[in-house]
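Engineer: using only what follows, build the 3D model:
(chains A and B)
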2 protein chains.
Amino acid sequence: MQDATLIQDEAFDPAAFARSHGSDHVADIVEKLNQQPAEAVAAVLTQLSPERAAEILDQPSLTEAAEVITLVPTSHAGRLLTAMADDRAADLFRELELPDRTRLLAQLALPIRQAILGLLGHSPHTAGGLMTTEFVSVPDKWTVREVLEYIRKVERTRETIYAIYVLDQNTQRLLQAVSLRRLIIANPDDPILSAARQITPVTTSPDADREEVARLITKYDLLAVPVVDDVSGRVLGIVTVDDVVDAILQESTEDVQKFGGMEAIDEPYLQTGFLEMIRKRAGWLCILFLGEMLTASAMQHYQAELDRALVLALFIPLIMSSGGNSGSQATSLLIRALALHELRLGDWWRVALRELPTGLTLGAILGLLGMTRITLWQQLGLFDYGPHWGLVAMTVGSALVGIVTFGSLSGSMLPFILKRVGFDPASASAPFVATLVDVTGLMIYFSIALVFLRGTLL
Amino acid sequence: MQDATLIQDEAFDPAAFARSHGSDHVADIVEKLNQQPAEAVAAVLTQLSPERAAEILDQPSLTEAAEVITLVPTSHAGRLLTAMADDRAADLFRELELPDRTRLLAQLALPIRQAILGLLGHSPHTAGGLMTTEFVSVPDKWTVREVLEYIRKVERTRETIYAIYVLDQNTQRLLQAVSLRRLIIANPDDPILSAARQITPVTTSPDADREEVARLITKYDLLAVPVVDDVSGRVLGIVTVDDVVDAILQESTEDVQKFGGMEAIDEPYLQTGFLEMIRKRAGWLCILFLGEMLTASAMQHYQAELDRALVLALFIPLIMSSGGNSGSQATSLLIRALALHELRLGDWWRVALRELPTGLTLGAILGLLGMTRITLWQQLGLFDYGPHWGLVAMTVGSALVGIVTFGSLSGSMLPFILKRVGFDPASASAPFVATLVDVTGLMIYFSIALVFLRGTLL
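Structural biologist: This is a model prediction of the structure:
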């Protein structure tokens, strides 16, 4: 597909593109550049002013940004990386091969290099990995006017100026966060601290998971949250709301993919290579397959019963899928409730107490449907389930109650169990629950059949 | 559970709570109030200043806010609703019964009442339903200094002051959006338009879906997006990033729940009533059950074959679940790719061209596993699949290739088909795909069995 694009755009002229799209929204430029090979993007970036080119590189939606920066002439690449937001530059360096990394790091002035190396020390899924060091901090002795003058001076090099962090002049510890909004309406001659809201500022630690950061920003309606060193109390950086929105979107994509029963992919669908795609999907598919093999073992175990009452086999897919479906519903409910902190680990028994009657009711509804189906077909002469069709209907109905209840209960408990043993509750996928329920479901079905049909069919 | 809380907190003292938590973060106060019955919350709100009480009501995380406001004395409730953000007040009115709605609307000054009634005219899932009318707009003739002075005056009554909308003095049409950031660094004597970036402002229409609004804000890294009337070009309101984050979280919860095979619930898990829960889950469960009944019909159709070769029944759950699992993977991938606009409707053939080889490869891997299982069990004497066990293994292996390929293809095409006929692609749930694949899977399995086993077992 990449090749098809290359052929279509053989006539692509980087200089003309830079001229004609120079004043477009940067996000729109990125969308157009994503259609082009990395060489063409690098050529466009070389044509633009470093500030404008850095704005383009700052967009997380620019695919292959790391490859692009390696194709820009080294000294120009250094200028671009300097002009970029440091958290985004660190993201690029994270993806670079060692020789390119060394070559380009050497182009940066010492303070920038140190900032980026510091950011690279954090895992990309933590507050430390999301944060930028380009924030506004001021000493607590300044007046509102001094702070505003300082902001005007440093604005260009800061990712956001909407939150200003007031530090203790001696210890450098964070005292207060002041919004630009409060600064604007404050008396210019007042000390900066008088403009603060005088409540403990919301902070996070560099190791906090990005989901936790997202929860803080959402809960407190912040534009940015400061990342504070646990020991020294100094502000290491800030995570801004737009980074968090990107993280939330990525996280929910990963959650849906995991719930679908695969490892999450890092790139958009069409950018993910064939082998990578197989790798991400085959692993879970094989594990589920091995688990599901137990159904074959269970069926073998009940072969004698099947031999005598083949009619039982007819309803196996129907009954098993109902258990899987009710389990999948319960799991999806609980995954989100845990992710949004609506429920705590200790609430498992409340959930179990709700899922038990819910499962029984849902099972009864499906059981009734199933029994009606068998009765109808039998009475209308559409199919002959044999002389004991009434007992068969009873078996199917009761099995549905048991299996749907088991599905709801185990589907709802699985996320709790995963969380308890330290896994992400979101790794409980619909296929995983279905497999779990399938094997048990078969055993429930045949056990109930033995109760109802012993002496007649079995 | 609600009752358990009531007993625990019989000694809850609203006045003491208002005193001791008056200066906490409002989100933390809301968390504590959510533990209390609506009467106690109303008592706390009556004790606090109207501004502070309105801040609490402004939090979307406050459960039962609508019930609370009906319990506050009418005239005080009017003050609270006036002090609240108008979009949030409209959300409350949306949930009120008609008598309460009329009683409380009568407490509001005419302009506020009109603004809220205007907002109530929009569906809550659209830009119009999310927007606030409390934004900053200024005529294009003003200087930067005039705008800053105006902002200082109106700051209290505006949801955000970080985006300022410049309107044509005569037509009231939106000309530019200026960020407070650019205003701060601009020369105070320059005309306001000189501080704008001179690019067409990003806008949305009142009927745009909240997902579309979220996409705009994310794509362009905005703090707010103006909602513009399609005909008059006037700004009706703005949607801010924090509303969008809430919308994204809600949307992804709904997506996971729908993918789990149920209708999305509106309230947190424990707040959803028993009957509501049954209603949201039973509908899809019954539809899936009715669909899955076709498997019973298919099995009845192949009863003669099953009678002759019962060994085939042993692998039915294994084979069917593999098809469902691969389908669920493909669906989860495509739902997100479509939701994030990584793919367009017209890309369906690219996806089909990728899923075909992917499905074949994954099917071959599982087929090999399945054949190995049968061979091992047979050779190790763990189970006797009969004299034609080799042919049975071939049947199972080939059926897995066919079914996994069919699962991947249909699982990936389903979201496209749903989108094409105007449904949300996210309504393609894992259980739905599994049901679709189950029925076809049985037919593939028995057809392949007929090819391999005719003349021997069949």
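
Engineer: and the closest residue in space to A:Arg101 that isn't next to it in sequence, how far from A:Ala106?
Structural biologist: Nearest non-adjacent residue to A:Arg101, counting by CB to CB, 6 or more residues apart in numbering or on different chains: A:Phe93, 5.7 Å away. From N, CA and C alone the C-beta is placed, and that goes for glycine too. Distance, A:Phe93 to A:Ala106, using CB to CB, to the nearest Å: 12 Å.

Engineer: same check on A:Glu267?
Structural biologist: As judged by CB to CB, A:Glu267 and A:Ala106 stand 29 Å apart.

Engineer: who has more neighbours out of those two?
Structural biologist: Taking other CB atoms under 10 Å in any protein chain shown, A:Glu267 and A:Ala106 do not tie; A:Glu267 has more neighbours (13 against 10).

Engineer: so what's the spatially closest residue to that one that is not a sequence neighbour up against?
Structural biologist: Beyond its immediate neighbours in the sequence, the residue positioned closest to A:Glu267 (CB to CB, 6+ apart) is A:Thr63, lying 7.6 Å away. Contact analysis of A:Thr63 by CB atoms under 8 Å, 6 or more residues apart in numbering or on different chains lists A:Asn34, A:Glu267, A:Pro268, A:Gln271.

Engineer: give the phi and psi angles for A:Thr63, as a check.
Structural biologist: Phi and psi for A:Thr63, reported as degrees, to the nearest 10, are phi -80, psi 150.

Engineer: residues near the closest residue to A:Gly402 other than its chain neighbours, how many?
Structural biologist: Leaving aside its sequence neighbours, A:Gly402 sits nearest to A:Ile444 (CB to CB, 6+ apart; 4.7 Å). By other CB under 10 Å, the residues close to A:Ile444 number 21.

Engineer: tell me the contacts of A:Ile444?
Structural biologist: Contacts for A:Ile444 (CB under 8 Å, 6+ apart) come out as A:Ala399, A:Gly402, A:Ile403, A:Phe406.

Engineer: what helix or strand does the closest residue to chain B within the stretch 1-150 of chain A sit in?
Structural biologist: Using CB to the nearest CB, the single residue of the stretch 1-150 of chain A nearest to chain B is A:Ala27, 4.6 Å away. Assigned by DSSP states H and E, A:Ala27 belongs to helix A:26-33.

Engineer: what comes up buried for that helix?
Structural biologist: Under the neighbour-count criterion of 16 or more other CB atoms under 10 Å in any protein chain shown, helix A:26-33 has A:Val26, A:Ala27, A:Ile29, A:Val30, A:Glu31, A:Leu33 buried.

Engineer: now do it: everything it contacts.
Structural biologist: Residues outside helix A:26-33 that contact it (CB under 8 Å, 6+ apart): A:17, A:21, A:40-41, A:44, A:55-56, A:58-59, A:61-62, B:219-221.

Engineer: and what of stretch A:135-144?
Structural biologist: Stretch A:135-144 is contacted by residues A:146-147, A:150-151, A:154, A:158-161, A:163-169, A:175-176, A:183, A:186-195, A:224, A:226, A:235, A:237-238 when judged by CB under 8 Å, 6+ apart.
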